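Visitor: sequence plus the predicted model coming up.
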Amino acid sequence: SQQGEEDPQALSIQEGENATMNCSYKTSINNLQWYRQNSGRGLVHLILIRSNEREKHSGRLRVTLDTSKKSSSLLITASRAADTASYFCATDGTNAGKSTFGDGTTLTVKP
Amino acid sequence: EPEVTQTPSHQVTQMGQEVILRCVPISNHLYFYWYRQILGQKVEFLVSFYNNEISEKSEIFDDQFSVERPDGSNFTLKIRSTKLEDSAMYFCASRGETYNEQFFGPGTRLTVL
């Protein structure tokens, strides 16, 4: 079954630095989505990248997708303390559009 | 901006009791989902619903679970006889088209005692 797996599991950086998180998956996908989750809270949709796209930007976020390597990365530039959260990738397959989530990366941005 | 809403935000129940978790998806969306997240673990798919029927369900979604769209706006998840291991955050999600963004509600934290 397809599965998003993020690395690193945890990342700690200083405010102003860039944060890069990676996601790998196993089978073909239609879309890949990135979500943020603050501790004990809901999932906030960040960005969707389709299988025929290679890069997408949204504000300080940059997402890349390499379907040949079955991997994606999320770059947050000029990080802020408010970016502290868990970040998940979720892959959308061909069956009814369900998403399969990875284990997530916990990002801590120190002020 | 339209959003998915869920009630209640927190539900505490005794083992063996029935619970109904409620969701109001975004109004023009066609696909609806329930996921759960056990504390400290990843988000797991439970069930998808389209055109008034279940499209797909995971092995977690056994006979104790059911979903319903009783009217044009609500989407409910019922757990018939709760177990301790059902304690988790339950998320409802919806999307307009099959391969567009999937939007999640804020979740219902279910605690089974």
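Guide: Done, it's in. Owing to the predicted nature of the structure, the values given are computational and were not obtained by experimental measurement.
Visitor: show me the contacts for residue B:82.
Guide: Residue B:82 makes contacts with B:13-19, B:110, B:112, as judged by CB atoms under 8 Å, 6 or more residues apart in numbering or on different chains. Quick note: C-beta positions are derived from backbone N, CA and C, even for glycine.
Visitor: cutoff 7 Å now
Guide: B:13, B:15-17, B:19, B:112 (CB atoms under 7 Å, 6 or more residues apart in numbering or on different chains).
Visitor: just those: which are in strands?
Guide: Residues of those located in strands (DSSP state E): B:13, B:19, B:112.
Visitor: point out where chain A drops to low pLDDT.
Guide: A:1-4, A:94-96 (pLDDT under 70).
Visitor: now with 80, please.
Guide: A:1-6, A:40, A:93-97 (pLDDT under 80).
Visitor: what residues does it put near chain B?
Guide: A:30-31, A:33, A:41-43, A:45, A:48, A:88, A:92, A:95-104 (CB under 7 Å from any CB of the partner chain).
Visitor: quickly note the distance from residue B:93 to residue A:28.
Guide: As judged by CB to CB, to the nearest Å, residue B:93 and residue A:28 stand 22 Å apart.
Visitor: which of the two has more neighbours?
Guide: residue B:93 (28 against 12; other CB atoms under 10 Å in any protein chain shown).
Visitor: phi, psi of that one?
Guide: Phi and psi for residue B:93, reported as degrees, to the nearest 10, are phi -140, psi 160.
Visitor: test my guess that it contacts residue B:100.
Guide: No - here residue B:93 does not reach residue B:100: they are 11.8 Å apart, not a contact under CB atoms under 7 Å.
Visitor: where along the chain do the strands fall?
Guide: I'll assume chain A. A:5-7, A:10-14, A:19-24, A:31-37, A:43-50, A:55-58, A:61-66, A:71-76, A:85-92, A:99-101, A:105-110.
Visitor: right idea, wrong chain: chain B
Guide: B:5-7, B:10-13, B:19-24, B:31-37, B:44-50, B:53-57, B:65-68, B:75-79, B:88-95, B:103-104, B:108-112.
Visitor: dump those to a markdown table, plus distance to residue A:13 and mean pLDDT.
Guide: Putting the strands of chain B into a markdown table (distance: least, CB to CB, whole Å; pLDDT from 0 to 100) gives the following:
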| stretch | distance to residue A:13 | mean pLDDT |
| --- | --- | --- |
| strand B:5-7 | 33 | 96 |
| strand B:10-13 | 33 | 97 |
| strand B:19-24 | 36 | 97 |
| strand B:31-37 | 25 | 95 |
| strand B:44-50 | 29 | 94 |
| strand B:53-57 | 38 | 92 |
| strand B:65-68 | 40 | 96 |
| strand B:75-79 | 38 | 97 |
| strand B:88-95 | 27 | 95 |
| strand B:103-104 | 26 | 90 |
| strand B:108-112 | 30 | 97 |
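Visitor: turn the strands of chain A into TSV, columns for mean neighbour count.
Guide: Output for the strands of chain A, formatted as TSV (neighbours: other CB atoms under 10 Å in any protein chain shown):
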stretch	mean neighbour count
strand A:5-7	19
strand A:10-14	14
strand A:19-24	20
strand A:31-37	23
strand A:43-50	18
strand A:55-58	12
strand A:61-66	18
strand A:71-76	20
strand A:85-92	24
strand A:99-101	24
strand A:105-110	18
